[in-house]
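Q: build the 3D model from these lines:
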Amino acid sequence: MYHYKMVEIPANVIAKFGRGGNQIGPYLEKLANEWSELGWEFSRLDFFTIYENAGCGCLGFFLTLLGQPTTREIRIGVITFRAPKAAPSTELPSAPT
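A: Numbers count the residues shown, from 1 in each chain. This is a model prediction of the structure:
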């Protein structure tokens, strides 16, 4: 059994490093090593796409009139770390006195 910790990769990091080589590798390595020092083991890396509405209803209406998209796509990265749960104690609690 494990405890899990999800750490979001900021969208600006994905945009900055995700397009052109292996620059994101050192960033992820540093992050994994920092969590490892705290006792967490790297488990997986996932990306999700979230669609966000562009502004209030008025803005969406004008964007539609102009033929522009009314939502924007945001890519989110999530790194999952895990750590073993402590073994259950075999001691019984003492009776109240």
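Q: ok, and for the helix ranked longest in the chain, which residues are buried?
A: Counting residues, the longest helix found in the chain (DSSP state H) is helix 24-37. Using 16 or more other Cβ atoms under 10 Å as the burial criterion, the residues of helix 24-37 that qualify are 24, 28, 31, 32, 35. In short, each C-beta sits where N, CA and C put it, glycine included.
Q: packing partners of that helix?
A: Judged by 3 or more Cβ pairs under 8 Å, 6 or more residues apart in numbering; DSSP states H and E, helix 24-37 is in contact with strand 2-9, helix 11-17, strand 41-53, strand 71-84.
Q: let's have these in JSON lines, adding mean neighbour count, mean pLDDT and distance to residue 65.
A: As requested, these are exported to JSON lines (neighbours: other Cβ atoms under 10 Å; pLDDT from 0 to 100; distance: least, Cβ to Cβ, whole Å):
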{"stretch": "strand 2-9", "mean neighbour count": "13", "mean pLDDT": "90", "distance to residue 65": "35"}
{"stretch": "helix 11-17", "mean neighbour count": "14", "mean pLDDT": "64", "distance to residue 65": "28"}
{"stretch": "strand 41-53", "mean neighbour count": "11", "mean pLDDT": "87", "distance to residue 65": "16"}
{"stretch": "strand 71-84", "mean neighbour count": "14", "mean pLDDT": "86", "distance to residue 65": "16"}
